[in-house]
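Participant: Sharing a model prediction with you, sequence too.
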Amino acid sequence: MPAAVLPWGLLGAVAIGVIIDGLLVGVGFTVGARAGALLTLAIAMEMLTLSLTTAVELRRGGQSRTKTVAIMGGLALMLVVAAVVGLFVLRGASDNLVEIMLSFGMMA
């Protein structure tokens, strides 16, 4: 039986969204703990549905449970790394730049 092919288009789109959301969390924490916590809660709810649908699609496409869990773990790690990058890179940014980043993130 041939090996299942990864849905690279889906994974690429999800990865881009996860990175943007992670950066948004990091930027939120540069504004303040409350803003960061609220953004984290909202994005966590989004990630729940996104990760469930992505995992279901991977399993329907023939991926093993182990591979699906590894891929989903990698996506979760991307979110954390992007949040840390967003926090440290934009910590000393001007208020205008932070507002632009938050506006872009909310739009995306």
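Facilitator: Cool, the structure landed.

Participant: residue contacts, the most centrally placed residue in the chain?
Facilitator: Geometric centre of the chain, nearest residue: residue 18, 1.9 Å, by Cα atoms, centre = their mean. Each residue near residue 18 by Cβ atoms under 8 Å, 6 or more residues apart in numbering is listed here: 47, 50, 75, 78-79, 82. Bear in mind the C-beta positions are built from the backbone N, C-alpha and C, glycine included.

Participant: With secondary structure added, can I get these in CSV?
Facilitator: Below are the contacts of residue 18 laid out as CSV (DSSP: H, G, I helix; E, B strand; the rest coil):
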residue, secondary structure
47, helix
50, helix
75, helix
78, helix
79, helix
82, helix
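
Participant: Residue 72 touches residue 53, doesn't it?
Facilitator: No: at 11.2 Å, residue 72 and residue 53 do not qualify as touching, with contact defined as Cβ atoms under 8 Å.

Participant: In terms of packing, which of those two has more residues around it?
Facilitator: Between residue 72 and residue 53, residue 72 has the larger neighbour count (other Cβ atoms under 10 Å), namely 16 against 12.

Participant: how close does the more buried one sit to residue 49?
Facilitator: 13 Å (Cβ to Cβ, to the nearest Å).

Participant: got it, and residue 93?
Facilitator: Residue 93 sits 31 Å away from residue 49, taking Cβ to Cβ as the criterion.

Participant: Fine by me, we can end here.
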